[in-house]
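Asks: Here's my sequence, what's the structure:
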Amino acid sequence: MKQLSFITSILLTVSVMLLTSCESGKYSGFKQTHSGIYYKIHTPDNPDTVRVREGMIVTVDMKYGTEDSVLFNSSSSPQEVRFPIQASLYDGDMYEAFQLFVKGDSATFVIKAAPFFQKTVNQPTLPAGISEDDDLIFDVRFIDVQSQEDLEATEMARAQTLRDEEPLIIQAYVDEHNISVEPNESGIYYIEKKKGKGKNPKKDDWVSVHFTVWRLNGEKLFSTYDRTDEPMDFEFGGRFENEGFQQALGMMKEGGKAEALIPSALAFGAQGAGQVVPPYAPLFYEIDLVDVMTVDEWDRKQSDRKALKLADKLKKQAAEKEQIKKYIADNKLIPTEELPSGIVYVEEVKGAGIKPGIGSKVKVHYTGKLLDGSVFDSSVDRGQPFEFVIGRGMVIKGWDKGIALMNVGSKGTLIIPFEQGYDSRESGSIPAYSTLVFDVELLEIVEQEGDEK
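Replies: Numbering: from 1, shown residues only. Alright, predicted model coming up:
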């Protein structure tokens, strides 16, 4: 580790002088910096002196959230949380807080939530349930604090160990699973489970494949069966997955099933694949070659898929129109305005203010429901109005169009067809193809940038 420069030592001394005790303030037992960060170290006897500072790489266990909810918890992630310490973006930010601690510390610190999301995370609006006045509480354990050079040296040593261990890991797996085939010239153990009766894939063909990939320690990395019932289509001989996977496919015939143990040199090599596949990791694949297609056959398949999808969507839209009519009738609603897109606005109270235009930042209260009356979200229940800018894609299309129909002070109901909502996507507790009903109140136009329509 390099010695601290004289200037850096002075800066650290000055930063310590800027800290002030606050044992009886908002957070009892915490200290507070002049920039407003509350913090408490839970490991006062920690002997380590490697301080977190700008440019260092930290590895942490970390969770953060409000007093009422946890927004992030690294314990739910299979990978270590590691990131560089950046220069502070504003006084009292997360990066300033991190520099209060040293390697081995366990600590809690508190910063303001709004600037964290707006400046550090670069979110245009605050997440649901977060207000301008909320605090964000971080619990952090600093597992490691390293310079870039130290991290690279550690990673190189780790990679060398993994490279040396790979042949032993492969042989142990082969012995444990009684794999009797010999590796081919490339080092691939290819195990045919079902002989296909169709054609072999060749370059420029398209293949339709179900597959599951495992690390040899038993960790499942990915499976098409977990994603959808549909197999995955891709061009054979291209860059999909890795060279070893493509070679194994080339040994198969359409309709066949096989397993393949792929050495790291033909998988993701010395680099690995992000934080999912470490360097020098051999992989085990279970492969089902469902279909082999020429380019023309694949194009026709795509056209058929699009036609079926469109037909299904039109059928759903026709049914939805009848459901919306029934909802309006059952609830004795009188539409104030119906847009060509199918959005229905029912005004209950007409406001005395102006209507917002594209570019206007508005503040609204709302309760969102499905046609069966089940509530999926409510700013009213949270006691925190929602703000967004109309026409900037910050909300679903039905909101951009529907809120623009209202005068400031108006209350009413928006009925939004699925195409103007989340369409074929699920969103939280909202199923795909859901008609959305919002009881809305336009409280104010926070900023009026003019109607650009």
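Asks: helix, strand or coil for the spatially closest residue to G353 that is not a sequence neighbour?
Replies: Spatial nearest neighbour of G353, excluding adjacent residues (C-beta to C-beta, 6 or more residues apart in numbering): V408 at 2.6 Å. C-betas here are computed from N, CA, C, even on glycine. Following DSSP: H, G, I helix; E, B strand; the rest coil, the label given to V408 is coil.
Asks: what about V408, how many neighbours?
Replies: 19 (other C-beta atoms under 10 Å).
Asks: Ramachandran angles for it?
Replies: When read as degrees, to the nearest 10, the backbone of V408 gives phi -60, psi 130.
Asks: Point out where this protein drops to low pLDDT.
Replies: 1-25, 78, 449-453 (pLDDT under 70).
Asks: Where does L333 sit: helix, strand or coil?
Replies: L333 ends up coil, using three-state DSSP.
Asks: my read: Q323 touches T435, true?
Replies: Yes - assessed by C-beta atoms under 8 Å, Q323 is found in contact with T435 at 6.5 Å.
Asks: if I look at these two, which residues touch both of them?
Replies: Here Q323 and T435 share the contacting residues L371, scored by C-beta atoms under 8 Å, 6 or more residues apart in numbering.
Asks: Counting neighbours, go ahead and name the busier of those two.
Replies: Legend: neighbour count by other C-beta under 10 Å for Q323 and T435, higher for T435 (21 against 12).
Asks: Tally up the residues packed near the closest residue to the more buried one other than its chain neighbours, please.
Replies: Closest residue to T435 apart from its sequence neighbours, by C-beta to C-beta, 6+ apart: L371 at 5.2 Å. Applying other C-beta under 10 Å, we find 16 residues neighbouring L371.
Asks: Using the three-state scheme, assign the closest residue to G237 other than its chain neighbours.
Replies: Of all residues not flanking G237 in the chain, K203 sits nearest, at 4.2 Å (C-beta to C-beta, 6+ apart). Reduced to three states with three-state DSSP, the structure at K203 is coil.
Asks: just to revisit the earlier point, I'd guessed the residue nearest to T435 sits against Y327; true?
Replies: Yes - here L371 reaches Y327: they are 5.5 Å apart, a contact under C-beta under 8 Å.
Asks: Between the two, which contacts overlap?
Replies: Common neighbours of L371 and Y327 (C-beta under 8 Å, 6+ apart) are T435, V437.
Asks: which strands and helices sit next to the longest helix that the chain contains?
Replies: Scanning the chain for the longest helix, with DSSP state H as the assignment, gives helix 295-330. Here helix 295-330 touches strand 206-215, strand 344-349, strand 411-416, going by 3 or more C-beta pairs under 8 Å, 6 or more residues apart in numbering; DSSP states H and E.
Asks: Tell me the buried residues in the second one?
Replies: Within strand 344-349, the residues that qualify as buried by neighbour count (16 or more other C-beta atoms under 10 Å) are V344, Y345, V346, E347.
Asks: Could you double-check that the third one sits in contact with M406?
Replies: In this case it means V346. No - applying C-beta under 8 Å, one finds V346 not in contact with M406, separated by 11.1 Å.
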